[in-house]
Structure formats: structure tokens, C-alpha cells
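Novice: Build me a structure from this.
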Amino acid sequence: MNYDLIIIGGGPAGISAGIYAARKKIKTLLIAKQLGGQPAEAWEIENYLGFEKISGVDLAQKFAEHLKKFSADIKIKEKESVDKIIKNASNEFEINAGKNIYQTKTIIVATGSSPRRLNIPGEENFIGRGVVFCATCDAPIFSGKSVAVIGAGNSGMNAVLQLTKYAKKIYLINKYPDLSKGDSMYAEQIKQSPLVEIINNSLPKEIKGDKFVSGLIIENSETKANQELAVEGVFVEIGSLPSLQFLSDLVEYNQKGEIIINPENNMSSQSGIFAAGDATNIPHKQIIIAAGEGAKAALGAYYYLTKIK
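Specialist: Next up is the predicted model:
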């Protein structure tokens, strides 16, 4: 099956790109494991234009519904993921997605990112048995329990605030001296909560337990002293990494493994491959920025297609 544009990813960047591509009447296919992306994992969103406060699930659903209004002008393949991309002799691209193979003149990569791991003893063993990466998904499971949140950026503080509705005790493990890495509004709410104990200048060293998590060992980065916390859950909130294995060496990446793009049109180092959202080297990972970048990438692809035609 041949297309002028294939968008890979169904989060804010991919959906925004899809809407703009449909409006430009580009022959487009959007491939996504699921529509909505990371916003669906956010508890509440208060910084997206037009919504004073909205749940992440509701916002993601609105994104998906908006895209589907253009179903006459864009084909959507959900529950499908890309395994490999090959550039052929005609300078077009072949996309292998499971049993399906697609041909396209241009690509927009909008696959977002996946959670970073702690890479400490016990983490892998207890995934799904106390070690979790999504507070929105799993916070209710820890009702009445003591938990630790690793990471004090916006994602970590957001997880803490969600957990205050369920957990009886929350330890916020912060490798920095204070809570200056996230929004001050979140930091103030956390400081005022009697359920939260902030432990600064500390790093996780080991997750302990039998069948399920029962403890977390942390180390003070200044004194090197160890402390064991009695917790039944460890929420890992230390950022994310782009999911770009399928691209191999087709494009250039920065040191973080993000796609380097031209800020004017979102094209990568490979002609015909554009990228948008958290998978790129844009400095701020925000829903509204990803949506804007998706629109910009679609327009970049549109003008590129007009030139090569």
C-alpha cells in the first residue's frame, strides 16, 4: 500500500500531525499502538489551552475523537507498531509493521518516549509486583499503603499528588538538594501534605522483597549513609527515553537518543523523514508543545511533497 505520508505514533504530536495532514488532503496513514498517548497517564492537566482542568484520560479521548472526525481523509491503523524502516532505491520508504508493509514518500515520527529505568537490584524482579511506572494506572492499588516515588521533576511530583488520595505514607526520593526541578505550584502542594516525607540528596540503591516489594534502600549522596524504607510500592518517575529502535541509523540523534530536527520544518537529517514531540531534541516535553510540533511537522511534510512532485 502506497502513501504520501505515514505518521508513526498516536499521541498529541501524531494526532495533531494527522489532523493537519488530513486538512491538506495528503494521502496519509497513521499507525499507533493506541490513540491518545502519554496524556492518558496524567492525573489532571491544568496547562492546556481551553481547559482550566481536565483529566489526562479525557483530554486524550478528545484528541482521538477530533482525529476521527477526519477519517474520510486519513487512514488510521490502531494496535499496530512499526518494526523497521528501509529506504529503497527510489528514495522512498518501506515500513514493516508486523505482517503489513507500507510504502511512503515521507514519514513523521511521533512515537514519544518510554520510562527510564533505575537499573538497580530488585527493579526488574518486582515490576508488576510493587515496582510501577504509571501512577495514574496503579495509584489506587496502593490504597492505605506506604510507597516511595523516585524522581522530583514534574512527573514525580505529579505522581506524589495522585498518591496522596490513596497512600497512607509517601516518601519522595530526590537526588537534588531541593524541589526546584519541577513546577513551584506542585512543590508547594507537596510540602503542605502531611502524608509526604521529602528525602533530598538521596538515590535508590536496591528494591527488596519476597513475592512483592517490602522495602527500598536509599543512599545519601553526601554522607553515603544507607537507609531502608518500609514500602510496598516504588513508583519510578525519572523521565523517559525515545522509542526509536525501528529507525536504526537512518537519522541523526543527540546524546539523549532524541532525533535531531530542523526547528523550521521538523525534518531530520534524512530527507523525507520528519519528527515531532518527545522523540525529538526540542527542549521542553509538554503536551501543548508536542501538539504544535506535530502541526509544524505535517506542514513541513506537505511543502516537501509539493517540491518533490
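
Novice: my guess is Gly18 contacts Phe70, does it?
Specialist: Yes - the pair Gly18 and Phe70 qualifies as a contact (C-beta atoms under 8 Å) at a distance of 7.2 Å. (Glycine included, C-beta is placed from N, CA and C.)

Novice: Of the two, which one has the most company?
Specialist: In this view Gly18 and Phe70 are compared by other C-beta atoms under 10 Å, and Gly18 has more residues nearby, 33 against 17.

Novice: Helix, strand, or coil at the residue nearest to the more buried one when sequence neighbours are not counted?
Specialist: Using C-beta to C-beta, 6 or more residues apart in numbering and skipping residues adjacent in sequence, the residue nearest Gly18 is Leu30, 4.7 Å away. Taking DSSP: H, G, I helix; E, B strand; the rest coil as the rule, one finds Leu30 in the strand state.

Novice: quick one: contacts for Leu30?
Specialist: Remark: with contacts taken as C-beta atoms under 8 Å, 6 or more residues apart in numbering, Leu30 is in contact with 6-7, 10, 14-15, 17-18, 67, 74-77.

Novice: got JSON lines for the residues you listed, with distance to Asn96, pLDDT and secondary structure too?
Specialist: Shown next, in JSON lines, are the contacts of Leu30 (distance: C-beta to C-beta, whole Å; pLDDT from 0 to 100; DSSP: H, G, I helix; E, B strand; the rest coil):
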{"residue": "Ile6", "distance to Asn96": "12", "pLDDT": "98", "secondary structure": "strand"}
{"residue": "Ile7", "distance to Asn96": "16", "pLDDT": "98", "secondary structure": "strand"}
{"residue": "Gly10", "distance to Asn96": "18", "pLDDT": "97", "secondary structure": "coil"}
{"residue": "Gly14", "distance to Asn96": "19", "pLDDT": "98", "secondary structure": "helix"}
{"residue": "Ile15", "distance to Asn96": "23", "pLDDT": "98", "secondary structure": "helix"}
{"residue": "Ala17", "distance to Asn96": "21", "pLDDT": "98", "secondary structure": "helix"}
{"residue": "Gly18", "distance to Asn96": "21", "pLDDT": "98", "secondary structure": "helix"}
{"residue": "Leu67", "distance to Asn96": "24", "pLDDT": "98", "secondary structure": "helix"}
{"residue": "Ile74", "distance to Asn96": "21", "pLDDT": "98", "secondary structure": "strand"}
{"residue": "Lys75", "distance to Asn96": "17", "pLDDT": "97", "secondary structure": "strand"}
{"residue": "Ile76", "distance to Asn96": "19", "pLDDT": "97", "secondary structure": "strand"}
{"residue": "Lys77", "distance to Asn96": "13", "pLDDT": "96", "secondary structure": "strand"}
